[in-house]
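Visitor: sequence plus predicted model, see below.
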Amino acid sequence: MIGISFTTATLAARKRIALVAHDHCKGFLLDWAERHTSELSQHNLCATGTTGLLLSQRLGLPIESMISGPLGGDQQVGAQIAEQRVDMLVFFWDPFEPQPHDPDIKALLRVAAVWNIPVACNECSADFMLSSPLMSQPHEHRIPDYNAYLKGRV
Ligand SMILES: O=C(CO)COP(=O)(O)O
């Protein structure tokens, strides 16, 4: 990580959580989210297009839906992570099936790592993440220092 310096930012107690699932994993995400409706209702939710529509029908919670993943939704979520407008990512990606938008998926997971946000890739990690006491507290985390980065570039 040559050339990158870091600073800190605070994730608010009320988080903005992005929810995403590939087709064969959507059932797992819907069941998981239904089990955790009351915890999820304490936060702001967004999702890629199809996932968001299914979740809003199942949970009855407001969910901001982006475009469907293969049409650019992963990139929209990634952009919001880079803008620090998404605090956590629950992404049940399919380990068994190639996806036509694989570069977008890699980019989303990469930008989540860059901005040091919590990511859950399956039900078990999502259970651990959602049961953390940090879910209901502000939490300071390390992020790239963009101003310092830019200064070093010119
Ligand atoms: O493809 C996806 C994530 O890579 C998810 O998109 P949908 O929620 O529109 O199915």
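Guide: All right, it came through fine.

Visitor: correct me, but T50 touches L29?
Guide: No: with contact defined as C-beta atoms under 8 Å, T50 does not reach L29; the gap is 11.0 Å. Where C-beta positions appear, they are placed from N, C-alpha and C, glycine not excepted.

Visitor: what's near enough to touch the residue of the chain found nearest the ligand?
Guide: Taking C-beta to the nearest ligand atom, the ligand has its nearest neighbour within the chain at G69, 2.1 Å off. Shown in contact with G69 (C-beta atoms under 8 Å, 6 or more residues apart in numbering): 20, 22, 48-51, 99, 101, 104-105.

Visitor: what pLDDT does S136 get?
Guide: What the model reports as pLDDT for S136 is 97.

Visitor: without its sequence neighbours, what residue ends up closest to G3?
Guide: Leaving out its chain neighbours, the residue that sits closest to G3 by C-beta to C-beta, 6 or more residues apart in numbering is G152, at 6.4 Å.

Visitor: that neighbour looks like it's in a helix, true?
Guide: Yes: assessed with DSSP: H, G, I helix; E, B strand; the rest coil, G152 lies in a helix.

Visitor: begin at 38 from now on, thanks
Guide: Yes, from this point I'll number from 38; that puts the last item at G189.

Visitor: distance-wise, check it relative to P181.
Guide: Using C-beta to C-beta, to the nearest Å, we find G189 at a distance of 11 Å from P181.

Visitor: for the residue most central in space within the chain, what are its contacts?
Guide: Residue closest to the average C-alpha location in the chain (C-alpha atoms, centre = their mean): L126, at 1.9 Å. By C-beta under 8 Å, 6+ apart, the contact set of L126 is 54-55, 57, 114, 118, 145, 149, 154-157.

Visitor: got a list of what R179 touches?
Guide: R179 neighbours (C-beta under 8 Å, 6+ apart): 43-45, 153.

Visitor: swap the cut-off to 7 Å and go again
Guide: Contact partners of R179, counting by C-beta atoms under 7 Å, 6 or more residues apart in numbering, are 43, 45, 153.

Visitor: buried stuff in the helix or strand A149 falls within?
Guide: Counting by DSSP states H and E, the element that carries A149 is helix 139-151. The neighbour-count check on helix 139-151 (16 or more other C-beta atoms under 10 Å) flags 141-142, 144-146, 148-149 as buried.
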